[in-house]
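1. model the structure of this input:
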Amino acid sequence: MGGFLFMIVLGPLFILSVLTSGLVILFSGKGKRKAAVRVILMMYGVGSGLLILGGMTLVTVSSITSPMSVDRSDVIGTYKVDRNMFAGPQGNWQHDHFTMTITDEDTLILKSLDINGAWHEYRRPIIPVQGVHSYLWRFSTEGDGTMHHLLMNTPTLHRQQWSFYYSFQSPRFGTVFFRKE
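-> Below you'll find the model as predicted:
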């Protein structure tokens, strides 16, 4: 984008300004040429400074407003259901009954609390996706009916400015949102 902007807009404007500056210097009187050159050089200096300042500002604003880059070390850890994404009794129940962990060994472990108060573990290996900006992964088999309903399909990673979360599609609950603790 920056190269395109320079070639299409800034490049021709710079050439036009050089030609105009040359004409101003050429047609100014002998006694005023030094003053004209000083003014033109000062204008180029100020313009270059503003261009650099503007570029730095654009880079800073872009880095602040763009979604964070998620690395493997960011993903590894324990996740809980985010009650803020789906507030109410159902969200509270999901928060109390499910927890998820992504391990160093690229395994997702879902813990589910049953009606008798016993915790059950469901393990599923994850496969990192190569050639993408953030650390993404998928399950080796999609739609595996032998797994827990939350682990039937690979979740979606949602990146925000300063955080990220996963959303799982469940045939029983709709969308379930997990955020790292």
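2. helices or strands up against the helix or strand hosting Lys34?
-> In this structure, Lys34 is located in helix 33-65 according to DSSP states H and E. In terms of contacts (3 or more C-beta pairs under 8 Å, 6 or more residues apart in numbering; DSSP states H and E), helix 33-65 is packed against helix 11-27. C-betas here are computed from N, CA, C, even on glycine.
3. Ser167 reaches Pro155, doesn't it?
-> Yes: with contact defined as C-beta atoms under 8 Å, Ser167 reaches Pro155; the gap is 5.9 Å.
4. so those two - more neighbours on which side?
-> Pro155 (21 against 16; other C-beta atoms under 10 Å).
5. contacting residues for that one?
-> Tyr166, Ser167, Phe168, Gln169, Phe178 (C-beta atoms under 8 Å, 6 or more residues apart in numbering).
6. now do 7 Å
-> Tyr166, Ser167, Phe168 (C-beta atoms under 7 Å, 6 or more residues apart in numbering).
7. measure the second one to Gly91 for me?
-> Put plainly, it is Ser167. To Gly91, Ser167 is 13 Å away according to C-beta to C-beta, to the nearest Å.
8. the first one too?
-> Distance from Tyr166 to Gly91, counting by C-beta to C-beta: 15 Å.
9. kindly report the same for the last one.
-> Plainly put, Phe168 is 14 Å away from Gly91 if you go by C-beta to C-beta.
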